[in-house]
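K.L.:
sequence unavailable; structure follows:
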């Protein structure tokens, strides 16, 4: 059994490799955050897909759970623009991550599923999607990550990713209209 120090070094090496793969694929404009940072701080709005949340409107809860082989979503498939709270739970037996992307006009949620291919995939999100800054976070087994932000009208998709061996599962698609 490896010592805790070796496990930490190995986990960081796997994370570095995964981040290198994400960077090499291009197309994303997301923020990759350190998995050691607190997981409950809200992220600032961007001009692309998120908006400022308001204190007077409760965020819509979206829950994504990963068990190591399946990505399970609890929440609506359609909602109006406004605040959401995305909670990711990792019960997968290793490091895992969540990612939320906006889908460019002219593409559909089914296009994302088709591009992902058979699960688990090892691909990066397509170039016609944009990472939403904030949700991306690598967490350990038994940990959770919550992100609160706002969504404007459009299509969105989320995935669960296992870090080692690398695998990506489709989590959910969202239609935001209003």
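P.N.:
Good, I have the coordinates. Nothing here was measured: the structure is a model prediction, and the numbers come from that model. Numbers count the residues shown, from 1 in each chain.

K.L.:
you'd agree residue 115 is in a strand?
P.N.:
No. If the criterion is DSSP: H, G, I helix; E, B strand; the rest coil, then residue 115 is helix and not within a strand.

K.L.:
ok, how many other residues are close to it?
P.N.:
Counted with other Cβ atoms under 10 Å, the neighbours of residue 115 add up to 18. All C-beta spots, glycine's among them, are computed from the backbone N, C-alpha and C.

K.L.:
mind listing what's buried in stretch 152-169?
P.N.:
By 16 or more other Cβ atoms under 10 Å, the buried positions in stretch 152-169 come out as 154-163, 167-169.

K.L.:
ends of it, how far apart?
P.N.:
24 Å (Cα to Cα, to the nearest Å).

K.L.:
pLDDT averaged over it, what's the number?
P.N.:
Averaged over stretch 152-169, pLDDT sits at 96.

K.L.:
name the next helix or strand following the helix-or-strand element of the chain with minimal mean pLDDT along the chain.
P.N.:
Every helix and strand in the chain was compared by mean pLDDT, DSSP states H and E; the lowest is helix 4-25, with a mean of 37. Using DSSP states H and E, the helix or strand that follows helix 4-25 in sequence is strand 60-66.

K.L.:
give me the below-cutoff pLDDT ranges for the protein.
P.N.:
Where the chain drops to pLDDT under 70, the residues are 1-55.
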